[in-house]
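Visitor: Quick one, what's the 3D model for this:
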Amino acid sequence: MLRSFFISLSTNQTFRTFSERSAIGRRVSKRFVAGMTVEEAVAAANELNAAGLDVSLDSLGESVLQVSQAEESAAIYHRLLDEIAGRGGRANVSVKLTQMGMDIGGHGAGPQLAERIVGELVEHAARVGSFLRVDMEGAMYTEATIALTERLHARFPGSVGTVLQAYLYRTKDDVERLIGQGIRIRLCKGAYKEPAEIAYPAKTDVDANYVTLMKRVVTSGVFCGIATHDEAIIEEAKRFASEQKVDKKAFEFQMLYGVRRDLQRQLVAEGYGVRVYVPFGTEWYPYFMRRLAERPANVLFLAKNFFRN
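Guide: As a prediction, the model looks like this:
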C-alpha cells in the first residue's frame, strides 16, 4: 500500500509544485538529492571520488513538453561532460528520454528530437572518453529506450548503455539482446507501478528474477552494473562471482546517493567497484517519491533526521 501511495504521489502536480518550491521540501530532499546546481553536484562527485567511489550524475527532470526545455536539459549535460573531462573525475552521466523531448509533438517528432539530442550527448561523451547511460522509465518507453541505445551503440561503441528492470517479464530476453551486442546494462528492480500482465506483482518474484539476471550479466563478459541495496542479493552476487572466478573488476555495484553509505564504503574496502547515482536539480520531486516507494522505511529515517536537525 505504501509503495502504491508514494508512486501515486510522484505524479501529483499540486504536491510536486508545493514541495519543490518550499524550504521544507528542499530540506527533506537533501538526503537523496545532491543540491540544486551543477556546482553542488560536481562537489558531491568529487567528495565521493575521494572516498574511492565512482559516480553517475543525473540532472533531474522528465516529461518536458517544449523543445526549448529539452535543449536546456541537454546543455546541462554537455556542461557536466566538460566538467568531468576537465577535472579528470571518475564520473559519467545518466539521462531520461522524456527529459530530452521524447513526448513532444506528434508524428514521431518527439522520438526524433530525443534521439538527436541524446546522440549529440553520446558523441560528446565518446569524444572526451566518458559514458552516457540512457535511463529507463515506465514500461511504455522500454522498447524505444532499448532500440535507441542499440542504434547509438552501433555509432559509438562502448560509450552508451541503458537500464533494465527485473520486475518486467520481458527483461530476460532483453538481457540476452543487449549483452549479445556488448551493450552495458544497469540492472535494477524497477521503480514504477506496472500491471501484472507485464510485471511480477510480488516482491519475492522480482527478487528471484533479479538474482537470476544478475548471475547472467556478471558472467557475460560485458561490464555491467548491479544496482541494488539489498544486502542478501549483494552477498549472493559476491559469492557467485567468487565461485565462478569472475574478477571483481568485471562488474560494479551501483547504489543511490544517500542510501547505505556504510555499505558503499565497505564494498570499496573489499575491492569491489561501486558507482553512486548522484541526482541534482530543482525538479527533484518525482525522483524523491520513487525512492520512498522503493523503500518506505526511508520515511521514518527522514523524519528522525529532520527533527534531529
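Visitor: all strands of this structure, in order?
Guide: When assigned using DSSP state E, the strands of the chain occupy the ranges 54-59, 91-95, 132-134, 160-165, 185-188, 224-227, 251-256, 273-280.
Visitor: With mean pLDDT, mean neighbour count and distance to Asp174 added, can I get these in CSV?
Guide: Just so you know, the C-beta spots here come from the backbone N, C-alpha and C atoms, and that holds for glycine as well. Supplementary listing: the strands of the chain in CSV, determined by pLDDT from 0 to 100; neighbours: other C-beta atoms under 10 Å; distance: least, C-beta to C-beta, whole Å:
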stretch, mean pLDDT, mean neighbour count, distance to Asp174
strand 54-59, 97, 24, 20
strand 91-95, 98, 24, 18
strand 132-134, 98, 26, 13
strand 160-165, 98, 25, 5
strand 185-188, 98, 24, 8
strand 224-227, 98, 25, 13
strand 251-256, 96, 22, 18
strand 273-280, 96, 24, 20
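Visitor: Just send those strands back as JSON lines, with distance to Leu267 too.
Guide: Supplementary listing: those in JSON lines, determined by distance: least, C-beta to C-beta, whole Å:
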{"stretch": "strand 54-59", "distance to Leu267": "12"}
{"stretch": "strand 91-95", "distance to Leu267": "18"}
{"stretch": "strand 132-134", "distance to Leu267": "20"}
{"stretch": "strand 160-165", "distance to Leu267": "20"}
{"stretch": "strand 185-188", "distance to Leu267": "16"}
{"stretch": "strand 224-227", "distance to Leu267": "10"}
{"stretch": "strand 251-256", "distance to Leu267": "6"}
{"stretch": "strand 273-280", "distance to Leu267": "5"}
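Visitor: Report the separation between Gly158 and Gly182.
Guide: Distance of Gly158 to Gly182, computed by C-beta to C-beta, to the nearest Å: 8 Å.
Visitor: Run through the stretch 101-250 of the chain and note the low-pLDDT ranges.
Guide: Along the stretch 101-250 of the chain, the parts satisfying pLDDT under 70 run over 106-107.
Visitor: Quick one: distance of stretch 228-236 to the chain centre.
Guide: 17 Å (C-alpha atoms, centre = their mean, to the nearest Å).
Visitor: Find the residue at the geometric middle of the chain.
Guide: With distances taken as C-alpha atoms, centre = their mean, the chain has Asp135 as the residue nearest its mean C-alpha position (5.6 Å).
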